[in-house]
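Asker: for reference, the sequence and a predicted model appear below.
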Amino acid sequence: DAKTTQPPSMDCAEGRAANLPCNHSTISGNEYVYWYRQIHSQGPQYIIHGLKNNETNEMASLIITEDRKSSTLILPHATLRDTAVYYCIVGLNYGGSQGNLIFGKGTKLSVKP
Amino acid sequence: DAGVIQSPRHEVTEMGQEVTLRCKPISGHDYLFWYRQTMMRGLELLIYFNNNVPIDDSGMPEDRFSAKMPNASFSTLKIQPSEPRDSAVYFCASSRAETQYFGPGTRLLVL
């Protein structure tokens, strides 16, 4: 079973920030929070990951609460091309640990004009 | 880099036939993963390799499924004999560290 809980769907207006929440209350101290997304008919795409500090890259920002039981993925200026299913996953941070990641149902984000 | 390459992109076959899916990982990546995605079960890990050696095949549904990685640049997933319930999108992914890069997938339809 997935270790995370995400809303099944969300809408966002184009150009606005999309804030995608994720609950991971059972996360252990050495587990990271990963975000992937899957655009329709494509393979999943890595977005960002973090342990406890907030992270930012060219795609998104990741805000992790101090108790690490939840996090938020922020797409600062959503475009129509950001419409996708977003997966929040917790797991360890080494190559082989990728084999233990569980992709749940994710959140279907619809960006609307 | 061209990314992870999978072939064929689409495959339609009849029940009982052998199906072979192919994957070329990103050069330099030492982990390779095979996934299956269906509407009912979502994205499931079937097997993964490290340095061409199978590490965990607990997700392989049954003996009809087999996977090989003869060298660092090529892997196959074979289904023999295929059944209609094997219809799904099969993804290959490769990794060097803590992130995976997925291929475009092979859409398999078994009639």
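Answerer: Perfect, thanks for sending it.

Asker: contact partners for the residue of chain A found nearest chain B?
Answerer: Distance from chain B to each residue of chain A (CB to the nearest CB) is smallest for A:Gly43, at 3.1 Å. The way it works is simple: take the backbone N, C-alpha and C, and place the C-beta from them, glycine included. For A:Gly43, the contacting residues are B:Val4, B:Phe91, B:Ala93, B:Phe102, B:Gly103, B:Pro104, B:Gly105, by CB atoms under 8 Å, 6 or more residues apart in numbering or on different chains.

Asker: report the separation between the fifth one and B:Gln80.
Answerer: Distance of B:Gly103 to B:Gln80, computed by CB to CB, to the nearest Å: 22 Å.

Asker: which one of the two is surrounded by more residues?
Answerer: Of the pair B:Gly103 and B:Gln80, B:Gly103 is the one with more neighbours under other CB atoms under 10 Å in any protein chain shown, namely 24 against 13.

Asker: mind checking the SS state of the residue of chain A closest to chain B?
Answerer: On the three-state scheme (DSSP: H, G, I helix; E, B strand; the rest coil), A:Gly43 is labelled coil.

Asker: for the spatially closest residue to it that is not a sequence neighbour, list each beta-bridge partner.
Answerer: Nearest residue to A:Gly43, sequence neighbours excluded (CB to CB, 6 or more residues apart in numbering or on different chains): B:Phe102, at 3.1 Å. Beta-bridge partners for B:Phe102, by DSSP bridges, are B:Ala93.
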